[in-house]
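Participant: Here is my input; please provide its structure:
(one chain, ligands or ions: 1)
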Amino acid sequence: MSQQDTIISLDSLATLQKRWPGRAWVNSVCTLAQKRLATHPHGDLPRWLCTLQQLPAVSPEANLDSGTPALGGRVEDLKALRETLMELHPWRKGPLCLGGLRIETEWRSDWKWERVETHIRLAGHRVLDIGCGNGYFGLRMLGAGAALVVGIDPTLLFVMQWLACRHFSGDIANYVLPLAIEDLPADPTRRLSNPDRACLATGGGLCRTRDWPSFLPIEPAVHHRECR
Ligand SMILES: C[S@@+](CC[C@H](N)C(=O)[O-])C[C@H]1O[C@@H](n2cnc3c(N)ncnc32)[C@H](O)[C@@H]1O
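Facilitator: As a prediction, the model looks like this:
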């Protein structure tokens, strides 16, 4: 098993499979994620994996109640932590606080979340977030009561940023898999070609932001609204 397989499968995908056992699509997307990693090598991957290994030991914590999700106990050497996390820049979606270090990201995703959250009810829902970036919105959705968030994004750097966040948060129910929407199994892809009808037909709900792809509660849901 290669280094990237080890990190992606053992550290995260295995816990996803445990969170929703017996669901064939969960195993299927995990296999697809590993396949994509094998078939879409990225020259920076060894450097990024090295960066992840340099993250300091920390007590896993996740405070998801504010606009700046705070992950991990406070790290002593914030300057060194900043230098390590800069190896994974650009940090686009946030703000985030990792080990006591605030990351002022390129985008104020908290402002976007404020516009969206009043239109969706997430308590108990399982969410598929398509084009999820580093998983920032997954953290916000967990904070709003979602039971599980599975994000997909083909940009490997964002998956690395999510793994860094996971180092600080510990095993929480927010996942980012290195997949594009077109990598999804045939049946979901067909459904997503007409997502509004498909979600409602299966008892799910859809939240589409102007920057589609965005997030999609998959079950159970009773709402359907377009947010801008
Ligand atoms: C404009 S950003 C939106 C990010 C986030 N959903 C938001 O609302 O702020 C689009 C995201 O979609 C991802 N993306 C691009 N092509 C994609 C594809 N074919 N399938 C899934 N995600 C894709 C990009 O890597 C990027 O993270």
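Participant: Need the CA coordinates for the longest helix along the chain. CSV is fine.
Facilitator: For the chain, the longest helix by residue count, based on DSSP state H, is helix 24-39. Output in CSV follows, covering the C-alpha atoms of helix 24-39 (Å, rounded to 0.1, in the frame of the first residue of the first chain):
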residue,chain,number,x,y,z
ALA,A,24,-22.9,0.2,-0.4
TRP,A,25,-22.3,3.7,-1.8
VAL,A,26,-20.0,4.6,1.2
ASN,A,27,-17.7,1.7,0.3
SER,A,28,-18.0,2.6,-3.3
VAL,A,29,-16.9,6.2,-2.9
CYS,A,30,-14.0,5.1,-0.6
THR,A,31,-12.8,2.8,-3.3
LEU,A,32,-13.2,5.5,-6.0
ALA,A,33,-11.3,8.0,-3.9
GLN,A,34,-8.3,5.6,-3.6
LYS,A,35,-8.5,4.9,-7.3
ARG,A,36,-8.5,8.6,-8.1
LEU,A,37,-5.4,9.1,-5.9
ALA,A,38,-3.6,6.3,-7.7
THR,A,39,-4.6,7.6,-11.2
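Participant: Quick check, the residue in this structure closest to the ligand?
Facilitator: Gly131 (2.7 Å; Cβ to the nearest ligand atom). (C-beta placed from N, C-alpha, C; glycine too.)
Participant: for the longest helix of the chain, which positions count as buried?
Facilitator: Trp25, Val26, Val29, Cys30, Leu32, Ala33, Gln34, Arg36, Leu37 (16 or more other Cβ atoms under 10 Å).
Participant: near the ligand, which of those show up?
Facilitator: Among the buried residues of helix 24-39, no residue lies close to the ligand (Cβ under 6 Å from any ligand atom).
Participant: Hmm, which of these is lowest in pLDDT?
Facilitator: In terms of pLDDT, Trp25 ranks lowest among these, with 79.
Participant: My guess is that residue contacts Pro185. True?
Facilitator: Yes. With contact defined as Cβ atoms under 8 Å, Trp25 reaches Pro185; the gap is 6.8 Å.
Participant: How many residues are close by Gln118?
Facilitator: No Gln there; residue 118 is Thr. 9 (other Cβ atoms under 10 Å).
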